[in-house]
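A.B. asks: Pasted the sequence and its predicted model underneath.
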Number of protein chains: 2
Amino acid sequence: MGFPVVGVVGGGQLARMMQPAAVALGVRLRVLADRADDSAAQVVPDTVVGDYRDLDVLRRFVDGVDVLTVEHEHVPTGHLSALEAEGVPVRPGPGALVHAQDKGVMREALSASGVPCPRWALLPGTYDDARAALEAFAGAGEWPVVVKTRRGGYDGKGVWVVGSLADAEDLLRSPALADPGLLVEEKVPFTRELAALVARSPHGQAVAYPVVETLQVDGVCREALAPARIDEEHAVEAQRAALRIAGDLGVTGVLAVELFDTPGGVLVNELAMRPHNSGHWSIDGAVTSQFENHLRAVLDLPLGSPAAKAPTLMVNVLGGAFEEMYSAYRHVMARDPGVKVHLYGKQVRPGRKVGHVNVLRAPGEALEDLYERGRHAAGYLRGDVVA
Amino acid sequence: MGFPVVGVVGGGQLARMMQPAAVALGVRLRVLADRADDSAAQVVPDTVVGDYRDLDVLRRFVDGVDVLTVEHEHVPTGHLSALEAEGVPVRPGPGALVHAQDKGVMREALSASGVPCPRWALLPGTYDDARAALEAFAGAGEWPVVVKTRRGGYDGKGVWVVGSLADAEDLLRSPALADPGLLVEEKVPFTRELAALVARSPHGQAVAYPVVETLQVDGVCREALAPARIDEEHAVEAQRAALRIAGDLGVTGVLAVELFDTPGGVLVNELAMRPHNSGHWSIDGAVTSQFENHLRAVLDLPLGSPAAKAPTLMVNVLGGAFEEMYSAYRHVMARDPGVKVHLYGKQVRPGRKVGHVNVLRAPGEALEDLYERGRHAAGYLRGDVVA
């Protein structure tokens, strides 16, 4: 086999950040983007513009590709199954990926595997039944509860905290109840939010990154600190849960498991089967970045060390007051020669993830100083911080 | 200013390795390559194929480019001066770059700056005068001496160790004596070969990387260890020499200074004004890679920290028995999850630099173990090591 071509469905920042890893390994990327100026399309010569919802587009795209992977969960499961049936290695495979696409399927599988989850229930597809089920679910615990769409939610979209039956009225009357369907979960009184990233290859080799703690604001990841400030025992629990899920679901590539840390242990919140925001610290902070290990995993190459070179803080750069962030580079870089800036070539829109910064903790540096550095840099790029 | 476009003359591995840094910073590269399948052309969408010796090609290439830089020293100085006169920011500028193009000009400038060099002399352009000058030069010291062409040498080409006047006969009779001209230098009895890398911006900010020790075989760099195992005093001497050269010559971008370490101090051997093989360790081992700092310097952005995250060994992968190195990945990666492989997408030819590996020293790891890891990985990729 010569140097392979990895086809990536999606032209966003996750595909973009695979390119540096591909450059080093001599692996070629081919990206299926929505638009010619997408984040990844700017940096990957072999970019095809097309609609991933069209099976014929996908079929043409995979011609000459050695393995197909995805940078988002929106590709129809049926299309991926069709390609797999036609002999294309699809990694993660559709049988695994469906668990990251459908939260109902995910909860059923995780419960069957014995992975600790919040209490949950599917809501029936008709108003009266759903209302009764919701009332019974809350009655067995307490209000508020969390209602989610089974498919299509991300970054806090498709998730509602519901304080009472009256609060749920609009949701229960919405078309989402029938399609894609809703589920209800207990609202976990967590102490921290965590993410456990693993990479797993078709041969079954897996590596686990240090568990990170994340700060989520309105359902959007703002910060990730690696390693998390938690008991070793809870960190191991989280890594074990992620490794078990990857194995039981047959995941190939990176699997990100978001968890709640509670005094009684960790509970799985969400899954993603691709490089994940909570793993961006690994570009500068780990021996092998999540993007390199994703490529190595989908190519069935032995995986690289996920060890941290140094404790690392990642802070997202969200779109804010500045439309043009390059002019902020001078100040951010002059103030702190240790800040690693990663911008995605995306148009700034309020709240949109347009980049992130990584800062590595120097020996003896106070954690609050690390946070000050990372938050200042991201805030200055965004336009919130002015000095 | 929006996100800038950096034009790079040359499509080799040095331009290729700028792409990951450009991806992170959101900076766009435009590469002038010799062929559409050049190393950098494979990974940079905005690649132009053309002859850098043609000024009109260069003029068309720089249209829309914010700053022009080079990944090799072969662009005619006059062309760069013409572009500069037409208003194109050329970094390093032709007035600096000529010192990396012409060893005679370099020696004159360094001697004028008081930078410690081996004893040297230009050889006159006619046989009788050159023979007399060579005899006088050796007579003031000892045979053997080192004869070099003023221009065009690299990787041991254009350099001869000459043991006697009789040995020099062919060289003194060669057309190179008149053009590009020859110079003679004492053969320094060094204890180690070193490289001191600095990056310098048009504003005059400069940063110095940890000094590395290099192993050269037949004039070709095989290995680089950062930091070098030398006295702190000699390391500081080497860094000071590099910073002084960068300042006195007005270098912008990365300057690599190759030096001899001797019991009496360091002596400057060669200069390169671009990212350099001796700095490849910085991709994985430094907070800011030489490629990122080269881009930041030519864009006049504040420079990033050159500090090492960990002591790092770089071993070059030279072309050898294997034509197809991808098949060796499985073994190399399985044996050592800490090896970082960098291949350049170049056709394997015996002795050609086609990649390198970096290995980071783990806390407490013996240096000999680090060397074993790096040499095994590079040797296995090359095809020399079979288990």
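C.D. replies: Looks like it arrived, so ask away.

A.B. asks: Okay, strands next: where are they in the stretch 251-387 of chain A?
C.D. replies: All strands of the stretch 251-387 of chain A, identified by DSSP state E, counting those that start in this stretch, fall at A:253-262, A:265-272, A:312-318, A:340-343, A:353-360.

A.B. asks: CA atoms only: put stretch A:69-81 into PDB for me.
C.D. replies: In PDB, the C-alpha atoms belonging to stretch A:69-81 read as follows (Å, rounded to 0.1, in the frame of the first residue of the first chain):
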ATOM      1  CA  THR A  69     -14.300   9.300   7.800                       C
ATOM      2  CA  VAL A  70     -16.500  12.100   9.000                       C
ATOM      3  CA  GLU A  71     -16.000  15.400  10.900                       C
ATOM      4  CA  HIS A  72     -19.700  15.700  11.900                       C
ATOM      5  CA  GLU A  73     -22.600  13.300  12.700                       C
ATOM      6  CA  HIS A  74     -25.000  14.500  10.000                       C
ATOM      7  CA  VAL A  75     -24.400  12.000   7.200                       C
ATOM      8  CA  PRO A  76     -27.400   9.800   6.900                       C
ATOM      9  CA  THR A  77     -26.700   6.400   8.400                       C
ATOM     10  CA  GLY A  78     -28.300   4.700   5.400                       C
ATOM     11  CA  HIS A  79     -25.800   6.400   3.000                       C
ATOM     12  CA  LEU A  80     -22.800   5.200   5.100                       C
ATOM     13  CA  SER A  81     -24.300   1.700   5.200                       C
END
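
A.B. asks: Whether stretch A:69-88 contacts chain B - can you check?
C.D. replies: No: applying Cβ under 8 Å from any Cβ of the partner chain, one finds stretch A:69-88 out of contact with chain B, separated by at least 14.7 Å. For the C-beta atoms, the positions are set from N, CA and C on the backbone; glycine is no exception.

A.B. asks: in that stretch, what counts as buried?
C.D. replies: A:69-73, A:75, A:77, A:79-84, A:88 (16 or more other Cβ atoms under 10 Å in any protein chain shown).

A.B. asks: Same check on stretch A:151-169?
C.D. replies: Of the residues in stretch A:151-169, those buried (16+ other Cβ under 10 Å) are A:R151, A:G153, A:G158, A:V159, A:W160, A:V162, A:A168.

A.B. asks: Just the endpoints, please. Distance across that stretch?
C.D. replies: With Cα to Cα, to the nearest Å as the measure, the first residue of stretch A:151-169 is 20 Å from its last.

A.B. asks: what does it rub up against?
C.D. replies: Contact with stretch A:151-169 is made by A:74, A:101-103, A:131, A:134-135, A:138, A:143-149, A:171, A:180-181, A:187, A:216, A:218-221, A:353, as judged by Cβ atoms under 8 Å, 6 or more residues apart in numbering or on different chains.

A.B. asks: what about the residue in the stretch 51-200 of chain A that chain B sits nearest to, how many residues close to it?
C.D. replies: Minimum separation of the stretch 51-200 of chain A from chain B (Cβ to the nearest Cβ) falls at A:D66, amounting to 10.6 Å. Per other Cβ atoms under 10 Å in any protein chain shown, the neighbour tally for A:D66 reads 19.

A.B. asks: Tell me if I'm right that it and A:P89 touch.
C.D. replies: Yes: assessed by Cβ atoms under 8 Å, A:D66 is found in contact with A:P89 at 7.3 Å.

A.B. asks: Provide the contact partners of stretch A:59-67 at residue level.
C.D. replies: A:1, A:4-7, A:9, A:30, A:32, A:48, A:50, A:68, A:83, A:86, A:88-91, A:298-299.

A.B. asks: Just the ones in helices from these, please.
C.D. replies: In helices, judged by DSSP state H, the following of those are found: A:L83, A:V298.

A.B. asks: Can I have the buried ones of the contacts of stretch A:59-67 as a PyMOL selection?
C.D. replies: Remark: buried members of the contacts of stretch A:59-67, expressed as a PyMOL selection using 16+ other Cβ under 10 Å:
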select buried, chain A and resi 4+5+6+7+9+30+32+50+68+83+88+89+90+91+298+299
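
A.B. asks: Show the model's pLDDT score for A:L83.
C.D. replies: Looking at A:L83, its pLDDT stands at 98.

A.B. asks: Please read the previous query as pertaining to A:L225.
C.D. replies: A:L225 is assigned 98 on the pLDDT scale.

A.B. asks: number of nearby residues for it?
C.D. replies: Counted with other Cβ under 10 Å, residues neighbouring A:L225 total 24.

A.B. asks: same check, this time on A:D369
C.D. replies: Look at A:D369: counted by other Cβ under 10 Å, it has 13 neighbours.

A.B. asks: which ones among the buried residues of stretch A:151-169 are found in strands?
C.D. replies: If you go by DSSP state E, the buried residues of stretch A:151-169 have A:V159, A:W160, A:V162 in strands.

A.B. asks: Make JSON lines from these and add pLDDT to it.
C.D. replies: Formatted as JSON lines, those follow (pLDDT from 0 to 100):
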{"residue": "A:V159", "pLDDT": "94"}
{"residue": "A:W160", "pLDDT": "95"}
{"residue": "A:V162", "pLDDT": "97"}
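
A.B. asks: Could you check the pLDDT of A:D284?
C.D. replies: pLDDT, A:D284: 98.

A.B. asks: The closest residue to A:I283 other than its chain neighbours: neighbour count?
C.D. replies: Spatial nearest neighbour of A:I283, chain neighbours left out: A:S289 (4.7 Å); criterion: Cβ to Cβ, 6 or more residues apart in numbering or on different chains. Neighbours of A:S289 under the rule other Cβ under 10 Å: 25.

A.B. asks: do A:D37 as well
C.D. replies: 14.

A.B. asks: Now the residue in the stretch 101-250 of chain A positioned nearest to chain B: which helix or strand?
C.D. replies: Closest contact between the stretch 101-250 of chain A and chain B, by Cβ to the nearest Cβ, is at A:V207 (7.5 Å). Assessed by DSSP states H and E, A:V207 sits inside strand A:206-208.

A.B. asks: Show me which residues of the stretch 101-250 of chain A sit near chain B.
C.D. replies: A:V207.

A.B. asks: And the strands in the stretch 101-250 of chain A?
C.D. replies: All strands of the stretch 101-250 of chain A, identified by DSSP E, counting those that start in this stretch, fall at A:120-122, A:145-149, A:159-162, A:182-186, A:192-200, A:206-208, A:212-217, A:220-226.

A.B. asks: For A:A377, find the nearest of those strands.
C.D. replies: With Cβ to Cβ as the measure, strand A:220-226 is the member of these nearest A:A377 (11.9 Å).

A.B. asks: Packing partners of that closest one?
C.D. replies: strand A:212-217, strand A:312-318, helix A:367-382 (3 or more Cβ pairs under 8 Å, 6 or more residues apart in numbering or on different chains; DSSP states H and E).

A.B. asks: on that earlier part again, can I get the strands of the stretch 101-250 of chain A in a markdown table including distance to B:A308?
C.D. replies: As requested, the strands of the stretch 101-250 of chain A are arranged in a markdown table below (distance: least, Cβ to Cβ, whole Å):
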| stretch | distance to B:A308 |
| --- | --- |
| strand A:120-122 | 48 |
| strand A:145-149 | 46 |
| strand A:159-162 | 43 |
| strand A:182-186 | 46 |
| strand A:192-200 | 26 |
| strand A:206-208 | 24 |
| strand A:212-217 | 24 |
| strand A:220-226 | 20 |
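
A.B. asks: Out of the ones you listed, which gets nearest to B:G379?
C.D. replies: strand A:206-208 (25.1 Å).

A.B. asks: which helix is the longest one in chain A?
C.D. replies: Max-length helix for chain A by DSSP H is helix A:232-249.

A.B. asks: can you give me the offset of that one from its chain's centre?
C.D. replies: Mean C-alpha position of helix A:232-249 versus that of the full chain (Cα atoms, centre = their mean, to the nearest Å) differs by 16 Å.

A.B. asks: again with stretch A:162-172
C.D. replies: That offset, for stretch A:162-172, works out to 28 Å (Cα atoms, centre = their mean).

A.B. asks: For the residue in chain A that chain B sits nearest to, give me the pLDDT.
C.D. replies: Nearest residue of chain A to chain B: A:P20, at 3.4 Å (Cβ to the nearest Cβ). According to the prediction, A:P20 has pLDDT 98.
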